[in-house]
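[1] give me a 3D structure for the following:
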Amino acid sequence: MEKPVIAILGAGLGGTVAAFEIKAAVGARADVTVVSQGDTFHFVPSNPWVAVRWRKRGDIEVKLPPVMKKKGIGFTGVGAKRVHPAENRIELNDGQDLKYDYLVLATGPELAFDEIEGLGPQGFTQSVCHVEHAEKTSEAFEALVKNPGPIVVGAVQGASCFGPAYEFAMILDTELRRRKVRDRVPMTFVTAEPYIGHLGLDGVGDTKGMLESEMRDRHIKWITNARVAKVESGVMDVEEVADDGSVKARHEVPFAFSMMLPAFRGVSAIRGIEGLTNPRGFIVIDKNQRNPTYPNVFGLGVAVAIPPVGKTPVPVGVPKTGFMIESMVTAIARNLSAILDGQPATAEATWNAICLADFGDGGVAFIAQPQIPPRNVNWAAEGRWVHLAKVGFEKYFIGKVARGEAEPFYEKLMLDLIGARKLKA
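    From the prediction side, this is the model:
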């Protein structure tokens, strides 16, 4: 009798960790195979550092085939063209099919640059969403240093990942001061958030006060409730929206360099599959990470559908932080193990947020438990220790991927770091 096949689509933070943890949970009872677009893991949180050349691409990469082979996990880097959940198969980009008994979707998002005219690396703004984008951004940044001018950084309407925008704005400020050209580079932060520090979470602790203060100290102006109408060479057309949805003001914001985070949507391999995804292409899941229409399909990470925390004048999504993703992985691993034993899938993820936001020479850390308010824990702190902690965490995480270690790590590491700081406060 052939073993059941568990296929994992995606090999980013969620998919790679899922492969290790699921294989550890199911052991010899099932074969585990990963389908990835390419054969390399990238530590995405380090992309802002790549963009200012504090890191090289090779510093944040791990080649996955030898690691997967060592752990007894199948791997292909050809990528998926389309998932066919009614047929239990993945149509691969090389024309072959992968049949599965259980599917874990960890695809990450597709970046919706095309939804705004002139947005993105093919238009007039830069990105730190992929390491390829970050490398291109580093070239644009070097050009800015040679010929200083205004900067615009932020996140457009529908974005759900705001932390990297704040990180990059502060990192730019830090590096420009080191290069002795900050005085010739006015900076504006443009965001769909209703207020600075909202983060798609309606704030955590005093993130509003902390981040506003940080921006004032760094001479960064901001526009909130911002809807980017279009981007042209050297100018961003921004509509500032009032609480009733009307346009309160229009701004033509000049820039010599801009990095704007886009909205996300589901990837083309799954988008538009009735019963599997919502209209934006995100995977519909229940409390056990299973799709109600196709219960042998699980979803995790940025690819899953989560409703916003509340109505805002400009659409704002909810981030899926590393700790939250890890808890989804653990729930899926436990549920697959239970199913293989003939037991019901009852494990649920703990959707909490723990984040270290690096500012180059400091940073902000926060804990939101649960992620969506009201919360049992609602805490934020700042200081140089956050930058040092993030540097340590980067090395720790990349090392664990390179070794193929399966144990959950976010909760212990983050709570140890932040908890130790709280005790000293």
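[2] dump stretch 74-88 to PDB, keeping only the CA atoms.
    Backbone C-alpha positions of stretch 74-88 (Å, rounded to 0.1, in the frame of the first residue of the first chain) are rendered in PDB as follows:
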ATOM      1  CA  GLY A  74      10.700  15.600  -1.700                       C
ATOM      2  CA  PHE A  75      11.300  18.900  -3.500                       C
ATOM      3  CA  THR A  76      10.800  20.500  -6.900                       C
ATOM      4  CA  GLY A  77      11.600  24.100  -7.900                       C
ATOM      5  CA  VAL A  78       9.600  24.200 -11.100                       C
ATOM      6  CA  GLY A  79       6.600  26.000  -9.500                       C
ATOM      7  CA  ALA A  80       2.900  25.400  -9.900                       C
ATOM      8  CA  LYS A  81       0.800  26.600 -12.800                       C
ATOM      9  CA  ARG A  82      -2.600  25.600 -11.300                       C
ATOM     10  CA  VAL A  83      -4.100  23.700  -8.400                       C
ATOM     11  CA  HIS A  84      -7.000  21.400  -9.200                       C
ATOM     12  CA  PRO A  85      -8.400  20.600  -5.800                       C
ATOM     13  CA  ALA A  86     -11.400  18.600  -7.100                       C
ATOM     14  CA  GLU A  87      -8.900  16.200  -8.700                       C
ATOM     15  CA  ASN A  88      -6.300  16.300  -5.900                       C
END
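[3] how about that stretch: buried residues?
    Of the residues in stretch 74-88, those buried by neighbour count under the rule 16 or more other Cβ atoms under 10 Å are Gly74, Phe75, Thr76, Gly77, Val78, Gly79, Ala80, Val83, Pro85, Asn88. Where you see a C-beta, it was placed from the backbone N, CA and C, and this is true even at glycine.
[4] which one of those sits closest to Glu326?
    Nearest to Glu326 out of those is Phe75 (Cβ to Cβ; 21.0 Å).
[5] quick one, phi psi at that closest one?
    Here is the backbone geometry of Phe75 (degrees, to the nearest 10): phi -150, psi 140.
[6] any residues touching the one helix or strand Ala134 maps to, and which ones?
    In this structure, Ala134 sits in helix 131-146 according to DSSP states H and E. Counting by Cβ atoms under 8 Å, 6 or more residues apart in numbering, helix 131-146 makes contact with 42, 44, 47-48, 50-53, 57, 60-61, 121, 126-128, 151, 172, 175-176, 179, 181, 185, 256-257, 259, all of which sit outside it.
[7] wait, Gly272 touches Gly281, no?
    Yes. In this structure, Gly272 is within contact of Gly281 by Cβ atoms under 8 Å, at 6.8 Å.
[8] out of these two, which sits in the busier spot?
    Set side by side, Gly272 and Gly281 give different neighbour counts by other Cβ atoms under 10 Å, the larger being at Gly281 (23 against 11).
[9] which residue, other than its chain neighbours, is closest to the more buried one?
    Sequence neighbours aside, Gly266 is the residue nearest to Gly281 in space, at 2.3 Å (criterion: Cβ to Cβ, 6 or more residues apart in numbering).
[10] tally of neighbours for Val377?
    14.
[11] and it, how far from Asp39?
    In this structure, Val377 and Asp39 are 39 Å apart, going by Cβ to Cβ, to the nearest Å.
[12] out of the contacts of helix 131-146, list just those in helices.
    Here DSSP state H is the test, and the contacts of helix 131-146 give Asn47, Pro48, Val50, Ala51, Leu172, Glu175, Leu176 as lying in helices.
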